[in-house]
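Colleague: Below are the sequence and a predicted model; questions follow.
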There are 2 protein chains.
Amino acid sequence: MKNKKMKIARIEAEVSQERLAEIVGVTRQTVNLIESGNYNPSLKLCIEICRALNKTLNDLFWEE
Amino acid sequence: MKNKKMKIARIEAEVSQERLAEIVGVTRQTVNLIESGNYNPSLKLCIEICRALNKTLNDLFWEE
DNA sequence: ACTAAATGTCAAATATAAATTACATTTTGT
DNA sequence: ACAAAATGTAATTTATATTTGACATTTAGT
């Protein structure tokens, strides 16, 4: 299951995977893997991504 | 920074750390560490804890 | 069409979440 | 006060997230 919400939020914010990776302090590959799905990032990283994209955990990582 | 919200939600749900650990499939120590703070759980585990306690990610793990 | 930027993905190494075992302390019930 | 359950922590090991380096493909700009 891909993380479309995150990808959409990132594109709306007009940042590349590489730029987002820089901002949150991980590598581009990690960002790519999270968007690609089948990945289990740490809470801290999720929160940093949310802050970078001006979203909340529920916005990007919660499925009702 | 302790995770008070999670501890409160767990106590409201009337489950022990051990019982919650069973439900979400980790050890009691892991649950304890998360509540104690200075820990960085995986997203998957956070989500499982939320579901077990009938809460959302924002309820338990998001700080405005 | 061409080029550069962005993306998808892989293998191997490193960092760290989570397990395990164990023990001390605190809380709760009787 | 006592016993049992629940909690707080620590050291070591194991599983896995993340890094690193690299290469192929796709997308966007000219």
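Modeller: Sure thing, it's come through.

Colleague: biggest helix in chain A, by residue count?
Modeller: helix A:43-53 (DSSP state H).

Colleague: Contacts for the following helix or strand past that helix, please.
Modeller: As assigned by DSSP states H and E, the chain's next helix or strand after helix A:43-53 is helix A:57-61. By C-beta atoms under 8 Å, 6 or more residues apart in numbering or on different chains, the residues outside helix A:57-61 that reach it are A:3, A:5-6, A:9, A:46-47, A:49-50, A:53, B:43, B:47, B:56-58, B:61-62. (Glycine included, C-beta is placed from N, CA and C.)

Colleague: what separates the residue in chain A positioned nearest to chain B from B:R19, distance-wise?
Modeller: Closest approach between chain A and chain B, counting by C-beta to the nearest C-beta: A:L57, at 3.8 Å. Between A:L57 and B:R19 the distance, using C-beta to C-beta, to the nearest Å, works out to 25 Å.

Colleague: and these two? which has more neighbours close in?
Modeller: A:L57 (23 against 15; other C-beta atoms under 10 Å in any protein chain shown).

Colleague: Quick check: nearest residue in space to that one, chain neighbours excluded?
Modeller: Among residues not flanking A:L57 along the chain, B:L57 sits closest, at 3.8 Å (C-beta to C-beta, 6 or more residues apart in numbering or on different chains).

Colleague: In contact with A:K2, which residues?
Modeller: By C-beta under 8 Å, 6+ apart, the residues touching A:K2 are A:E35, A:S36, A:G37.

Colleague: Can you show me the CA trace of the longest helix of chain A as CSV?
Modeller: Extracted in CSV, the C-alpha atoms of helix A:43-53 (Å, rounded to 0.1, in the frame of the first residue of the first chain):
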residue,chain,number,x,y,z
LEU,A,43,7.4,8.0,14.6
LYS,A,44,10.0,10.7,14.8
LEU,A,45,10.5,10.7,11.1
CYS,A,46,6.8,10.7,10.4
ILE,A,47,6.4,13.8,12.6
GLU,A,48,9.3,15.6,11.0
ILE,A,49,7.8,14.9,7.6
CYS,A,50,4.4,16.2,8.8
ARG,A,51,6.0,19.4,10.1
ALA,A,52,7.9,19.9,6.8
LEU,A,53,4.7,19.6,4.8
